[in-house]
Every structure is written in structure tokens, then in C-alpha cells.
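Undergrad: Predicted model, plus sequence, below.
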Amino acid sequence: MEIITQSQFRDALIALKSATPITITALTEVKAPRYGRPLYRMARINGMACANYSAAVNRLIPFVPKPRQWGHHISAAVIENITAEGTKHYLQLKIERSLSSVYLARHGSLLKVVREKDLEGMLPKRDERPVTVRDYSLSNIQRASFGGKKYRILP
């Protein structure tokens with residue numbers, strides 16, 4: 001496994017020129033205000049970088065995409081969002097499947113596992129659309145594998 005920085009990871013994603021299978025492990029914050037403390041989801045996701053979302057949906061139904069509400073593409077896989085707080089980069093990923101996930105809650109300086117059944121009714125509803133695209137902040141991605149290589153991404 002190769003250890004790389006976020007900027008090296010961003011550059012490797014920018015270099016992708018066509019739809020590429022990718023598996024990521026990401027730690028994202030979950031909106032669950034009824035839980036009462038910060039909640040996170042560690043997920044291992046399989047998807048396609050550089051996927052043509054419009055074409056994928058058009059295979060199912062007639063579809064005309066709306067313009068992005070934030071950020072702009074700097075490559076087929078990477079979105080850049082410039083705000084007053086600075087510049088952030090995101091991986092646009094067409095989700096194929098979620099391989100595994102676990103919920104974690106902050107207890108002091110530690111993150112502890114929370115059973116999904118203990119969160120019943122507090123989590124947002126799962127997206128059941130046949131074609132799902134998500135934007136993952138590169139700062140949330142901890143591991144990735146694509147192009148026959150495995151990477152650990154430093155914060």
C-alpha cells in the first residue's frame with residue numbers, strides 16, 4: 001500500500017481520463033441531531049470515478065441535468081469549491097455499492113461504535129435511486145484503490 005498526501009491523491013484523480021472503478025474508505029459526519037452527540041459513518045464504497053451521470057440516468061429515463069449549485073469540475077472526477085474559508089476538493093463518485101459501514105459516536109476524544117439498531121429512526125433515509133452520485137471531500141477519504149494500486153491518504 002502506497003502512502004500519499006491529499007494533493008497527490010487529487011492529482012492522481014485529475015489524471016484519470018475515463019470511467020474508472022474505485023473503492024474508497026471515507027469517514028463522514030452524519031446529520032442525526034436527535035442522537036445528541038456528533039455521529040460519523042465509516043464506509044467502504046465501490047463506485048466509478050469519471051462516470052457520465054447523465055448518460056447513466058438517460059439509459060433508464062429521459063433526463064436533463066441541472067447545473068451544479070456549488071463548485072466546478074476541474075476534471076471528470078474532481079470538483080473544486082472555493083469559499084471564503086478556502087478551497088476544498090471533492091471526488092465525484094457514481095456509487096455502485098456500499099461494501100461495509102459502521103457508525104461511530106464521539107465520546108470525549110474517542111470514537112466508539114454505535115449499533116445501527118440503536119440509531120433506528122434517527123438516521124436520514126437511504127437513497128434508493130437507481131443511479132446515485134455522491135461528492136466526497138478528499139479530506140474525508142482515508143484509503144482508496146484504483147488503477148491496480150492501493151493508497152493510504154494522509155490528512
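TA: That came through, no problem. Numbers count the residues shown, from 1 in each chain.

Undergrad: where does the chain have low pLDDT?
TA: 58, 63, 127, 129 (pLDDT under 70).

Undergrad: What are the buried residues along the longest helix seen in it?
TA: In the chain, with assignment by DSSP state H, the single longest helix is helix 6-14. Buried positions in helix 6-14, judged by neighbour count with 16 or more other Cβ atoms under 10 Å: 9, 10, 12, 13. No exception for glycine: its C-beta is placed from N, CA and C like everyone else's.

Undergrad: tell me which residues form a beta bridge with the residue nearest in space to the middle of the chain?
TA: The residue lying closest to the centre of the chain (Cα atoms, centre = their mean) is residue 136, at 3.0 Å. Listed by DSSP bridges, the beta-bridge partners for residue 136 are residue 91.

Undergrad: And residue 151, by the same measure?
TA: residue 2, residue 144.

Undergrad: Contacts only, for residue 98.
TA: By Cβ atoms under 8 Å, 6 or more residues apart in numbering, the residues touching residue 98 are 43, 44, 45, 46.

Undergrad: Give me the phi and psi for it.
TA: phi -90, psi 120 (degrees, to the nearest 10).

Undergrad: try residue 23
TA: The phi and psi values for residue 23, taken as degrees, to the nearest 10, are phi -120, psi 130.
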